[in-house]
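> pasting a predicted model and its sequence here:
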Amino acid sequence: MRRWFVVLAAALAGFVVPAAASQEKPLREPDVIFVPTPQEVVERMLELADVRPGEVVYDLGCGDGRIPVTASKKYGVRSWGFDINPVRVKESLENVERNHVQHLVTIKLQDIFELDLSKADVITLYLLPQLNVKLIPQLDKLKPGSRIVSHDFNMEGVRPKREVTMTPPGGREHRIYLWVTPLEKERRN
């Protein structure tokens, strides 16, 4: 019995240490620095995406979790936030708890370029244009009618369905892009 306990304790110790270590540093260096999306822009992004009851929202590079929290609070939908930085994941989890949406929002420490996006109805982004382009192969696998909204940055080679410009009170001008799957690729001459 003692031998079994020692083996189990050693196995658990080996499992716990790496998990704890992963909370201290990102899986890899983040591609962008965290800049929060103003709440008014979050609201407009979700409106433009036409979030509907029963849908699933994925926020890629969720930062402090404000988009998944807002989607779940306002629309009652299941939301997932993914970030590569454990500090952002911790902030997101605190935001989820503070807003009492633990039953609707899941936050994961994960590299967004390794995600299966097929369960999402709506994808939200605040990434650089070249990162949006890097996501195209994953976005191409979304079911028809899925919506992708991006704060400030386009997706070169893919024609948006809509572009909206807004300026929150006391803020700068923001652009929001909407794409609907299947993505409409621009023709190259």
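Arrived safely, thanks for sending.

> shaky segments in this structure?
The model of the chain has pLDDT under 70 over residues 1-26, 189.

> please enumerate the strands of it.
56-60, 78-83, 105-109, 122-125, 147-151, 158-159, 162-166, 174-180, 184-185 (DSSP state E).

> got those strands as a markdown table, with mean neighbour count columns?
Any C-beta I mention is one placed from the backbone N, CA and C, and that applies to glycine too. As requested, the strands of the chain are exported to a markdown table (neighbours: other C-beta atoms under 10 Å):
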| stretch | mean neighbour count |
| --- | --- |
| strand 56-60 | 26 |
| strand 78-83 | 26 |
| strand 105-109 | 20 |
| strand 122-125 | 26 |
| strand 147-151 | 24 |
| strand 158-159 | 15 |
| strand 162-166 | 13 |
| strand 174-180 | 19 |
| strand 184-185 | 11 |
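
> can you list these in JSON lines and add distance to residue 35?
Rendered in JSON lines, the data for the strands of the chain read as follows (distance: least, C-beta to C-beta, whole Å):
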{"stretch": "strand 56-60", "distance to residue 35": "14"}
{"stretch": "strand 78-83", "distance to residue 35": "13"}
{"stretch": "strand 105-109", "distance to residue 35": "18"}
{"stretch": "strand 122-125", "distance to residue 35": "13"}
{"stretch": "strand 147-151", "distance to residue 35": "9"}
{"stretch": "strand 158-159", "distance to residue 35": "23"}
{"stretch": "strand 162-166", "distance to residue 35": "17"}
{"stretch": "strand 174-180", "distance to residue 35": "11"}
{"stretch": "strand 184-185", "distance to residue 35": "28"}
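
> and residue 92, which of those strands is closest to it?
Nearest to residue 92 among the strands of the chain is strand 105-109; the distance by C-beta to C-beta comes to 4.3 Å.

> which among the strands of the chain is found nearest to residue 40?
Of all the strands of the chain, strand 162-166 comes closest under C-beta to C-beta, at 7.2 Å.
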